[in-house]
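Asks: everything below, folded, please.
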Amino acid sequence: MYKSVRGTKDIFCPEIFFWQDIEIKARKILSNYGYEEIRTPLIENIELFNRSLGSASEVVNKQMFLVKRAVSDTEEKEHIVLRPEGTAPVVRAYLENNLDKKKDFVKFFYIGAMFRAERPQKGRLRQFHHLGVEAIGSASSYLDVELIMLAEELLINFGVEGYKININSLGCSQDKKKFALLIKKALEGKIKDLCLDCQKRYKTNILRILDCKNKNCQQILRGLNLGKDYLCKDCQLHFEEVKEGLDSLNIGYEVSPFLVRGLDYYTRTVFEITHSDLGSQDAIGAGGRYDNLIEELGGPPKPAAGFALGLERVFLVVKHKDFSLNPLQVFVIGLGKESQKQMLKILRSLRQNNISADADYQEKSLKAALRRADALKVKFVIILGDLELKKGILQLKDMQKGTQKEVGLEELINNPKEFLC
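Replies: Here you go, the predicted structure:
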């Protein structure tokens, strides 16, 4: 028997109703904020992520799925990967389609699968789903505030409680270089005490050390006094405005000096939303500013910011999941061949009138068919047997009230909303 690939998951009813509810709520909120949907391919050129995420990042070095295909001697080899995140593909689509020349400011959102070759554990899958937003064309600190406000509004509407918002500023490119030198100097003499990964990061990408989950490394970092002296005046002002904006909206947050995120393109504001119920992998979502990425990928200088929420992780922390979102309203039971022919006419009429309906195609006994209708939690059951067919009627059972009455067959077919709405 075949099994799903480790780190992937099949989603069935009733859980699928929760996912649909999340997406419906998200689309409504995102529309209110002025975001338009974008759908990018699941596969991208590997160089897109090497350039945007950084060749020394964990994602590029360890976590990308390479897509292999047969090529002839005359064909040029393509290095294609399954997308590990959504920001770089959105920026690629933005530039490839010349949107930078058509609009000064754009706001996109996406909902879709991402892929990382990680060790599966709670809240971490190899195929997972992101709800993400990207706003391109503004350097305003108030856009940063709006993004955090949007992330919180989404979580509240999804039913998430007990989350924590952490924020930090990495500063501009020059500030990040200063910050890297500051960390390098502060860790001199402590390199051998770091984990093996962080010893490598010390040489290749020292900011990644701040993102390490190793307890010993975290303890060493907590002993460092890094401060915010590495930020230039403009970046200090930008971060102060972000904090003031959040305070004005009564959005709770905590400044986390070691928050850097795991991707190289971030500048200035970064934020992460965590939840204690998730254990060590406690991030529900994260984001921030990436003011240099558009230019680094071949476009004009364009500031930008965004975030993504992990939908599987959202699902794990929602306390009261509503699985009562079954859209099915009516279940039709036809007892006998002739009755089942009429059953099809009834079903077509109901569906054409935007009334969701299904039927008993297994030709079970009335008792068994009613049990299935009860399990489906439909509002109404229509019963049509040979006796009813001769009289030109049917039995309409209200499953919530527990009542039953006779209704004319043609009357219901011609005007189902009169009886079922």
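Asks: quick check, Ser4 in a helix?
Replies: No: looking at Ser4 with DSSP: H, G, I helix; E, B strand; the rest coil, it is coil, so not inside a helix.
Asks: next, the closest residue to it other than its chain neighbours: secondary structure please.
Replies: The spatially closest residue to Ser4, leaving aside those adjacent along the chain, is Asp10, at 6.1 Å (C-beta to C-beta, 6 or more residues apart in numbering). Any C-beta I mention is one placed from the backbone N, CA and C, and that applies to glycine too. When states are read from three-state DSSP, the local structure at Asp10 comes out as coil.
Asks: what about Asp10, distance to Glu312?
Replies: When C-beta to C-beta, to the nearest Å is the yardstick, Asp10 and Glu312 sit 13 Å from each other.
Asks: could you export the strand or helix carrying Pro89 as CSV, CA atoms only?
Replies: Following DSSP states H and E, the helix or strand that holds Pro89 is helix 87-96. As requested, C-alpha coordinates have been extracted for helix 87-96 and formatted as CSV (Å, rounded to 0.1, in the frame of the first residue of the first chain):
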residue,chain,number,x,y,z
THR,A,87,8.4,36.7,-1.3
ALA,A,88,11.1,36.1,-3.9
PRO,A,89,8.6,34.6,-6.5
VAL,A,90,6.3,37.6,-6.0
VAL,A,91,9.1,40.0,-6.6
ARG,A,92,10.2,38.0,-9.7
ALA,A,93,6.7,38.1,-11.1
TYR,A,94,6.5,41.9,-10.3
LEU,A,95,9.7,42.6,-12.2
GLU,A,96,9.2,40.1,-15.1
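Asks: from here on, call the first residue 51.
Replies: In the new numbering, first residue 51, that becomes helix 137-146.
Asks: what does it contact?
Replies: When contacts are defined by C-beta atoms under 8 Å, 6 or more residues apart in numbering, helix 137-146 is touched by residues 88, 90-91, 94, 98-99, 102-103, 133, 149-150, 156, 158, 160, 182, 184, 186, 313, 315, 340, 343-344, 347-349, 354, 356, 358.
Asks: which one's more surrounded, Asp60 and Glu362?
Replies: Set side by side, Asp60 and Glu362 show unequal neighbour counts under other C-beta atoms under 10 Å, the larger going to Glu362 at 18 against 6.
Asks: where do the strands sit along the stretch 151-300 of the chain?
Replies: 156-165, 177-186, 213-219 (DSSP state E, counting those that start in this stretch).
Asks: could these be laid out in JSON lines, adding distance to Arg251, mean neighbour count and mean pLDDT?
Replies: As requested, the strands of the stretch 151-300 of the chain are arranged in JSON lines below (distance: least, C-beta to C-beta, whole Å; neighbours: other C-beta atoms under 10 Å; pLDDT from 0 to 100):
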{"stretch": "strand 156-165", "distance to Arg251": "23", "mean neighbour count": "20", "mean pLDDT": "96"}
{"stretch": "strand 177-186", "distance to Arg251": "24", "mean neighbour count": "23", "mean pLDDT": "96"}
{"stretch": "strand 213-219", "distance to Arg251": "18", "mean neighbour count": "21", "mean pLDDT": "95"}
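Asks: closest one to Leu309 among those?
Replies: Across those, the minimum distance to Leu309, taken as C-beta to C-beta, is reached by strand 213-219, at 4.0 Å.
Asks: what's the local residue count around the nearest residue to Ser330 once chain neighbours are set aside?
Replies: Spatial nearest neighbour of Ser330, excluding adjacent residues (C-beta to C-beta, 6+ apart): Lys263 at 6.2 Å. Neighbours of Lys263 under the rule other C-beta under 10 Å: 11.
Asks: next one: Lys263, what pLDDT does it get?
Replies: Here the pLDDT value assigned to Lys263 is 76.
Asks: my guess is it contacts Asp332. True?
Replies: No: taking contact to mean C-beta atoms under 8 Å, the distance of 9.9 Å between Lys263 and Asp332 leaves them out of contact.
Asks: low-confidence bits of the stretch 201-350 of the chain, can you list those?
Replies: Counting by pLDDT under 70, the ranges of the stretch 201-350 of the chain that qualify are 277, 312-313.
Asks: ok so, going back, and the residue nearest to Ser330, its phi and psi?
Replies: Backbone dihedrals for Lys263, given as degrees, to the nearest 10, come out at phi -100, psi 0.
Asks: who touches stretch 216-229?
Replies: Under the criterion C-beta under 8 Å, 6+ apart, residues 198, 257, 276, 278, 280-282, 284-286, 288-289, 292-293, 296, 303-310, 316-324, 338, 341-342 lie in contact with stretch 216-229.
Asks: for it, how far is the first residue from the last?
Replies: 19 Å (C-alpha to C-alpha, to the nearest Å).
Asks: from the chain's centroid, how far away is it?
Replies: The gap between the average C-alpha position of stretch 216-229 and the chain average comes to 27 Å, counting by C-alpha atoms, centre = their mean, to the nearest Å.
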